[in-house]
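# Take this sequence and fold it.
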Amino acid sequence: MSDFMEKTILTLSICMGIFVLNLSAQVAPSVPVLRINADQVTSEIGPTFSGMMTEEINHSYDGGLYAELVQNRVFKDNPTAPVHWSLVQTTAAIGSITLDNTNALNDELVSSLRLDVGQADKDNPVGIANDGYWGIPVKPETAYQASFYAKTSTGFKGPVVVAIVSTDGSTIFAQATVDLLGNDWRKYSVKLITPANLTPTTAARFELTVHSPGTVWFNLVSLFPPTWKNRPNGNRIDLMQKLADMKPGFLRFPGGNYLEGSSIANRFPWKKTLGDLAQRPGHPGCWGYRSSDGLGLLEFLEWAEDLNAEPVLAVYAGYSLPPKNELVQPGPDLAPYVADALDEIEYVIGATNSAWGARRAADGHPAPFNLTYIEIGNEDWFDGSGSYDARFAQFYDAIKAKYPRLQCISTVGNEQPEAKRVHSRKPDVLDEHYYRSAMDFETQAGSRFEHYDRSGPKIFVGEWAAYEDIVPWNAKSRKLPPTPSLKAALGDAAWITAMERNSDIIVMQCYAPMLVNVNPGGRQWRPNLIGYDALSSYGSPSYYVNAMFNANRGNVVVHSSLTGMAVENVAPLNYSVTKDTATGAIYIKVVNITGSAQSLQIDLEGVGRVDSRGTCIELKSARQEDTNSLSGPTKVVPVTGSIDGLGRNFTRTFSPYSVTVLRIQTS
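Take a look at the predicted model:
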């Protein structure tokens, strides 16, 4: 073989090798690239970007956040029977209980519980017992505050024994004695303290017993455990702690359907929720049970204050829920409701020399609250008459005339058909609600808000939640756990990344519903963020997604782009990138919705130094069906750890079915 031939073959071999190498490079799977321009701010994220929506559903208040342990404390839950109350007596005693509408405590609390005792002594007492909200929670070394109003028949002698006892009556967990003073209504209060050596239980009831013949009438019977910040008439500590851990920027109240009521007469009666509990009659809720209104307007405001959150006040706008669809026509008929809303706003922010500002001061809170947003109605797209535009305009004009700085929120947003999006007054903000499957959220996360008109009103995503497969309003959903699985949480996380990236148009957002009593009969809707019974509570995977995202968010969104990711029907990765301009910290959120690990190259531009070590917070589980419950409250929770090898360019592999936050320090 000649030298020429050898060189030619060698050259061809080398070229063929290069061709093979290039071919291999072309067919090898590429790693997608997330390019971050940390010096290019696309929008700001305000402190009220992420918050909470609340309404009385799933026993969110009574039997939930509101710490009262007695159910039907003013005997109005049923007009013919003292539901949740029972007679206590031994076989050697004689007594009976009945509802009595002839011995009113006052004009508001007209129903009392009458206890008639024919035969009793110290060993054979007669009395009344309340079963609470699926039991009375008993904890060791706990001080409970009991109170009640009572009057007696002439000649009655003897004290009332106030106690927390086991449901079978065999164990007394705590008790005290109160001397009754006569046949006029009086309020009595006593503290009950449990011992240190008892085992926590809900198998308990609250009792008031006597051991003398005669008649005793009772009203407003109450039992409170310790409350958040020791507020009288306050909230449950464990649930408030979970809410505080979410770091909410706002609290939207009172709802929701709870605002509108099932009829005009049953709308949220804010004026009757103020002041002494003895002046609060309560009202029918819209989810099958009565509201005590112990959580009234001031308590809502203090709830927000206790969480360092801004109140978002919803005012009744003249429309109540289907199927009645009761409506107040705009114009003169609506004027009293507009005036009522102005009174309500004055109660929240008015000076103490104003009528309702003075009332707020008299109720114990002289300082006005910080208020920016007023929501006019709730889900008024259900109003088929088309009256909302005129009703909104009437409220808008009156509110802006008296409080021009307040922002008015319309309840008809861009998710509704164009025919319903009619506004003769341009709203400051539109409230949009999204209950979608996890797959829908994951599919829409990349495009839902990107094409919104940036010159239009800002957006408040006032209710949203991902469900796994069955829509919440389908009866089949009631057979599912009350809180969502990791599958739904992945959809929720994808949706939040979309809202973060579009925070130039989305000014507020909140998951709904927030709370659920998990006992049989306790819930009307799923999924919900936080589940509980009388004794304990837990956060769902979606709760932890919200909490970890809220705690790890900068004050600006920076420009980012994701390229090189193979997409068929839905992108395997969703993301958002924010920056804290004060510290230089960059927060990268990545959601892997697939059952396979996903690698991602991250290129940081527009930064000086990048610390080689950072923080990784990861929520994941082996199966997307995994979830949390009272018996397994920490099956799916975030894990925080340190990571290294960071720089302007690095590659990170994200676990299957995972939600990850990377905190990277730059300068």
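# Can you show me the helices along the stretch 151-300 of the chain?
With DSSP state H, counting those that start in this stretch, the ranges of helices along the stretch 151-300 of the chain come out as 237-245, 257-260, 297-306.
# winner for burial among those helices?
Greatest average neighbour count among these goes to helix 257-260 (a mean of 24), per mean count of other Cβ atoms under 10 Å. In short, each C-beta sits where N, CA and C put it, glycine included.
# what pairs with Ala146 across the strands?
Note on Ala146: beta-bridge partners by DSSP bridges are Val190, Leu223.
# so which of the helices of the stretch 151-300 of the chain comes closest to Ala498?
helix 237-245 (23.7 Å; Cβ to Cβ).
# could you say what helices and strands the closest one packs with?
Contacts defined by 3 or more Cβ pairs under 8 Å, 6 or more residues apart in numbering; DSSP states H and E place helix 237-245 against strand 530-532, strand 537-539.
# tell me, what residue is most central in the protein?
Nearest residue to the geometric centre of the chain (Cα atoms, centre = their mean): Met514, 2.8 Å.
# So for Glu468, which of the helices of the stretch 151-300 of the chain sits nearest?
Of all the helices of the stretch 151-300 of the chain, helix 237-245 sits nearest to Glu468, with 22.3 Å by Cβ to Cβ.
# now the angle from that closest one to helix 297-306?
Comparing the axes of helix 237-245 and helix 297-306 via axes from the mean of the first three to the mean of the last three Cα atoms, to 10 degrees yields an angle of 60 degrees.
# Could you check how far helix 237-245 is from the centre of its chain?
Computed by Cα atoms, centre = their mean, to the nearest Å, the chain-centroid distance of helix 237-245 equals 11 Å.
# Residues in contact with it: which ones?
Helix 237-245 is contacted from outside by 52, 64-65, 67, 225-228, 306-307, 514-515, 530, 532, 536-537, 539, 543, 547, using Cβ atoms under 8 Å, 6 or more residues apart in numbering.
# Give me the buried entries from those residues.
The neighbour-count criterion (16 or more other Cβ atoms under 10 Å) marks 52, 64-65, 67, 225, 227-228, 306-307, 514-515, 530, 532, 537, 539, 543, 547 among those as buried.
# Please put the alpha-carbon coordinates of the helix or strand containing Tyr544 into PDB.
Secondary structure assigned from DSSP states H and E places Tyr544 in helix 541-550. Extracted C-alpha coordinates of helix 541-550, given in PDB (Å, rounded to 0.1, in the frame of the first residue of the first chain):
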ATOM      1  CA  PRO A 541     -49.100  18.600  50.700                       C
ATOM      2  CA  SER A 542     -50.800  21.700  49.100                       C
ATOM      3  CA  TYR A 543     -50.500  23.500  52.400                       C
ATOM      4  CA  TYR A 544     -46.800  22.900  52.500                       C
ATOM      5  CA  VAL A 545     -46.400  24.000  48.900                       C
ATOM      6  CA  ASN A 546     -48.100  27.300  49.800                       C
ATOM      7  CA  ALA A 547     -46.000  27.700  53.000                       C
ATOM      8  CA  MET A 548     -42.600  26.900  51.400                       C
ATOM      9  CA  PHE A 549     -43.400  29.200  48.400                       C
ATOM     10  CA  ASN A 550     -44.500  32.100  50.600                       C
END
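# ok, then the element right after that helix?
Remark: after helix 541-550, the chain's next helix or strand is strand 556-563, criterion DSSP H and E.
# That next one packs against which elements?
Here strand 556-563 touches strand 33-44, strand 573-579, going by 3+ Cβ pairs under 8 Å, 6+ apart.
# that older thread, and the helix holding Tyr544, what does it pack against?
Applying 3+ Cβ pairs under 8 Å, 6+ apart, we find helix 541-550 packed against helix 486-501, strand 614-620, strand 658-665.
# Quick one: distance of it to the chain centre.
How far helix 541-550 lies from its chain's middle: 12 Å, per Cα atoms, centre = their mean.
# Pull out the buried positions in stretch 614-625.
Applying 16+ other Cβ under 10 Å to stretch 614-625 flags Gly614, Thr615, Cys616, Ile617, Glu618, Leu619, Lys620, Ser621, Gln624 as buried.
# my read: the fifth one touches Thr653, true?
No - with contacts defined as Cβ atoms under 8 Å, Glu618 does not count as touching Thr653, sitting 11.4 Å away.
# before we move on, the earlier item: now the residue nearest to the centre of the chain: closest residue in space that isn't a chain neighbour?
Excluding the flanking residues, the one nearest Met514 by Cβ to Cβ, 6 or more residues apart in numbering is Leu529, at 5.0 Å.
# Give the burial count for that neighbour, as a bare number.
Neighbours of Leu529 under the rule other Cβ atoms under 10 Å: 27.
# The chain should start at 21 in everything you say after this.
Sure thing, new numbering starts at 21, so read that last one as Leu549.
# which of the residues in stretch 667-678 are buried?
Arg668, Phe670, Arg672, Phe674, Ser675, Pro676, Tyr677, Ser678.
# Checking the second one next. Helix, strand or coil?
With DSSP: H, G, I helix; E, B strand; the rest coil as the basis, the three-state label of Phe670 is strand.
# what's the answer for Gly482, then?
Applying three-state DSSP to Gly482 yields a three-state assignment of strand.
# Pull the contacting residues for it.
Met73, Arg272, Glu395, Ile429, Asp451, Glu452, His453, Met528, Gln529, Cys530, Ala532.
# wait, which of the buried residues of stretch 634-645 is closest to Arg573?
The closest of those to Arg573 turns out to be Ile637 (Cβ to Cβ; 12.1 Å).
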